[in-house]
Each structure stands twice: as C-alpha cells, then as structure tokens.
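In: Just the structure for this:
(one chain, ligands or ions: 1)
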Amino acid sequence: MSIYIDPAVAASLRGYEMPEKLGFGTVMAPVMFRAVCQDGCWSRGELIPYAPLSLDPAAKVLHYAQSCFEGMKAYRTRDGGISLFRPERNAARMAHSAERLCMPPVPESLFMDGVRTVTAYCANLVPANSGESLYLRPFLMGTQADLAVSASTSYEFYVIASPSEAYHSGNMRLWVEREDSRAAIGGTGDAKVGGNYAASLLSIARLKQRGYDQSLWLNAGNRQSVDELSGMNFFAVIDAELHTPALNGSILEGITRESLIELARDLGYQVRECAIDIDELLRRVADGSCEEAFACGTAAIISPISVLGDGGENYQLASAPGPVAERLRQALLDIQEGRTEDRFGWMQPVEVISLD
Ligand SMILES: *Cc1c(COP(=O)(O)O)cnc(C)c1O
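Out: Numbering: from 1, shown residues only. Below you'll find the predicted structure:
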C-alpha cells in the first residue's frame, strides 16, 4: 500500500529549527506517521505534521490502558548514511505486546513503513555525534469511545521521533525492591505496555528520596530471583562470566539484551541465562566474586551499576563502569554507528528523502 504524504509536511520540515540542547526524548520532530484500524482493517499509512491528538474522553485507552509502544533508534553511520538497528525485532515485539492486550497487531510492513518514512523525511534531524540518534517511538492504542470493558473496535498507530543526545545515566545506584512488584508471570511483564511503567513509578519515587536511582525488580512469584529494572534488563559479571536472568514470562525481552548476549559470545565471553537469586548475588558482590553489573536498553545501551542497596546495607560493586560493560558498549556502538563491519546483519540502511 502506498503511503500518503500530507502536503503540509514539507513546510513543517523546512520551517523546523533544531534546538541546540537536545536532551533525551524532549525535542520532537515536526512530523509523525499515522494509520488507523477499524474492525480489523488497516487504513493506509500517512505522514502528517506533528500535532496534539484528538481523543474522545471515553476512549478505551484512557480507562482500560489498551496501549503498547516501542523504543528504537536511527543512527547516522560513518559513511554519512542513516540506519535502523534491528527494526524487525521491534515490529515483532510490538505485535506480541498488542496481542497480549487483545489489540490487532500492526502488520510488519506497516510498522516498517512508519519507522522508515519518519526516518527518511527526518534525515536532517538525525544528529551526528557519537551516541546521538533519532529516537523513534511507535505506539498503538484503542480509541473506541465506549466505557464497556471489552477490546476496542478502533485503533490508532503512530510513530513520533525525537532527535536525542546520548543518554547518560552515569553509574546507577539500584534499590532492591522487596515490597512492590512490577509485573507478574501471566501478566504483562513480557509486553511493552505503559501499565508496567505506571506500576514502577511509586517505587522509584520512594527510592529517590533515599538516594538511589532505579529499582531492581524481583520476580513477583518467588520474590527471590532478579527480574530486571523498570525499563532495562540486568547483567552481572560473576567469576568472569556474564549472567543475565533467563526470560521467564515477567521479563521484557530486550533487543539490546539479545544483541549483547550474541555479541558477548562472539567476543569469547561465557554467557549464562539463568535464574539469579538476589541473596546469592548480594553475597557475591560482598565477597568480590561479582565485581561488575550493568543494565541495558536502547536508550543508554549500557548503564553501569555501582551500588545495590538492600535494607540498610549498600553492596558496592568493585568496578563501575567495569571493563566488560565498556567493551560491550563500544562493540555494539561501533556496529550501530558503522565503524565496524556489521557481521550479524543488524543494520538496515534507510533511503533518505530530499525535500527539494
Ligand atoms: C524496553 C524495555 C527494555 C529494553 O528493551 P530494548 O529493546 O533493549 O530497548 C527492558 N525492560 C523493559 C521493562 C522495557 O520496557
């Protein structure tokens, strides 16, 4: 299906001035992609000027949280081109999230049209310094105006974009969350949905007052094994091997996680996907056999962890950022920014659209 390009798009892009200070996810590109689905039938996609949405106050998404999203990046590569990183993995994950919430999955071709069209038209907005990127945010929501509890009959799919600086979290101090749970097995933990984030905010607000940065969520079933952070997956280096929690239904399957596992094995590291018992982990940090831990996700790629706080104790990681985290981060960024050969076939170049 062809994509409709609103005639106002060219003027929006020509009149756009990129602010000097970008931050992460705060500056929005002046165009967005949109498609609607009515009773299972998708409209053709359109590129339109960025603008507030018009939503009926009874729209199901506002009451019953029928929505999911993705986070991905377009990178400027060393040859001056622009590439997406494993976008088909995001398309597949969004389809999985949609199905979990009883929403029609966005067809892969429509998802790819959305991220490619926004990237192609926003080529001048993809910043060029290492670590910077055009952050893409596809999302899907149920828009039917009806307070009955049932799946919506109408949906809207959007892709918005944000030219962004490198996301620097610095060394993170994590709080082991022993009270609240973020997501349960059989719930929506393995779907990328806003409700999981909403459930994490109170914990983060509490721990910030105590001087920590992020919660380390435990499995809601056993309250003993590590799941992940609110929006990043968890790795620890134990006796020189990489350990990460095995996917168990309540962990979101991160594409950075998956890529780092492949990359680390390729670089000769032993990687174990297994249950990580929190008390065992804390013991390992205390006795020095775990010197390094980090979180990973699209935004920051890798964020080193310096402290695990639990009860009244602070367990200090010996090395933050540690050598394994630094090596993996550089290796992944070198592929994403086109400095090394893309041995895994992860990068997808985007044909840029010129406005003149
Ligand atoms: C998005 C997300 C991640 C990271 O996934 P990436 O594909 O690596 O960006 C990890 N955990 C949660 C809960 C997430 O929502």
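In: tell me the domain boundaries of this structure?
Out: By the record's domain assignment, the chain is partitioned as 4-165, 172-336 (automatic domain parsing).
In: And these: which comes nearest Gly345?
Out: Among the domains of the chain, the nearest to Gly345 by CB to CB is domain 4-165 (9.2 Å). From N, CA and C alone the C-beta is placed, and that goes for glycine too.
In: Run the chain-centre distance for that closest one.
Out: Taking the mean C-alpha point of domain 4-165 and that of its whole chain, the gap between them comes to 13 Å (CA atoms, centre = their mean, to the nearest Å).
In: And the ligand, is that domain touching that?
Out: Yes - on the criterion CB under 6 Å from any ligand atom, domain 4-165 is in touch with the ligand at Gly71.
In: Where does pLDDT dip in this structure?
Out: With pLDDT under 70 as the threshold, the chain has low-confidence stretches at 1, 356.
In: again, only using 90
Out: Where the chain drops to pLDDT under 90, the residues are 1, 79, 128, 130, 166-170, 184-185, 312, 354-356.
In: So which residues of it form helices?
Out: Ranges of helices in the chain, per DSSP state H, are 8-14, 60-64, 87-100, 108-121, 194-198, 201-209, 255-266, 278-287, 323-336.
In: Turn those helices into CSV, including distance to Glu313.
Out: Rendered in CSV, the data for the helices of the chain read as follows (distance: least, CB to CB, whole Å):
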stretch, distance to Glu313
helix 8-14, 53
helix 60-64, 41
helix 87-100, 36
helix 108-121, 44
helix 194-198, 28
helix 201-209, 14
helix 255-266, 28
helix 278-287, 8
helix 323-336, 23
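In: most neighbours per residue, which of those?
Out: Of the helices of the chain, the one with the most neighbours on average (mean count of other CB atoms under 10 Å) is helix 108-121, at a mean of 22.
In: Touching that one from outside, list them.
Out: In this structure, residues lying in contact with helix 108-121 by CB atoms under 8 Å, 6 or more residues apart in numbering are 1, 3, 9, 13, 29, 31-33, 35, 42, 45, 47, 72, 74, 82, 84, 87-88, 90-92, 94-95, 106, 126, 134, 136, 138, 157-161, 350-353, 355.
In: Quick check: ChimeraX command selecting the buried ones in the residues you listed.
Out: Buried members of those, defined by 16 or more other CB atoms under 10 Å, are picked up in ChimeraX with:
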select :9,13,29,31,32,33,35,42,45,47,72,74,82,84,87,90,91,92,94,95,106,126,134,136,138,157,158,159,160,161,350,353
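In: close enough to count as contact, Pro104 and Tyr155?
Out: Yes - in this structure, Pro104 sits in contact with Tyr155. The criterion is CB atoms under 8 Å, and the distance is 6.2 Å.
In: Neighbour count for the two, which is higher?
Out: More crowded of Pro104 and Tyr155, by other CB atoms under 10 Å: Tyr155, with 25 against 21.
In: So the more buried one sits against Cys102, correct?
Out: No - applying CB under 8 Å as the test, Tyr155 and Cys102 come out as separate, 10.7 Å apart.
In: what sits in contact with each of the two?
Out: Jointly contacting Tyr155 and Cys102 under the rule CB under 8 Å, 6+ apart is no residue at all.
In: now the residue in the stretch 51-200 of the chain positioned nearest to the ligand: how far from Met94?
Out: Among residues of the stretch 51-200 of the chain, the one nearest the ligand by CB to the nearest ligand atom turns out to be Lys192. It sits 4.9 Å away. Lys192 sits at a distance of 7 Å from Met94 (criterion: CB to CB, to the nearest Å).
In: Spell out which residues of the stretch 201-350 of the chain are next to the ligand.
Out: Taking CB under 6 Å from any ligand atom as the criterion, the stretch 201-350 of the chain approaches the ligand at residues Glu228, Gly231, Met232, Asn233, Leu252, Gly254, Ile255, Thr256, Arg257, Gly297, Thr298.
In: dump the residue contacts of the residue lying closest to Phe235 once chain neighbours are set aside.
Out: Using CB to CB, 6 or more residues apart in numbering and skipping residues adjacent in sequence, the residue nearest Phe235 is Thr244, 4.8 Å away. When contacts are counted by CB under 8 Å, 6+ apart, Thr244 is found next to Asn233, Phe234, Phe235, Ala236, Arg257, Ile261, Val271, Arg272, Glu273, Ile276.
In: how near is Glu313 to Ala184?
Out: Taking CB to CB as the measure, Glu313 falls 27 Å from Ala184.
In: all strands for the stretch 51-200 of the chain, in order.
Out: Taking DSSP state E, counting those that start in this stretch as the criterion, the stretch 51-200 of the chain contains strands spanning 67-69, 72-76, 82-85, 133-142, 154-164, 172-177.
In: Any chance of CSV for those strands, columns distance to Ala318?
Out: Compiled in CSV, these are given as follows (distance: least, CB to CB, whole Å):
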stretch, distance to Ala318
strand 67-69, 36
strand 72-76, 31
strand 82-85, 31
strand 133-142, 31
strand 154-164, 32
strand 172-177, 15
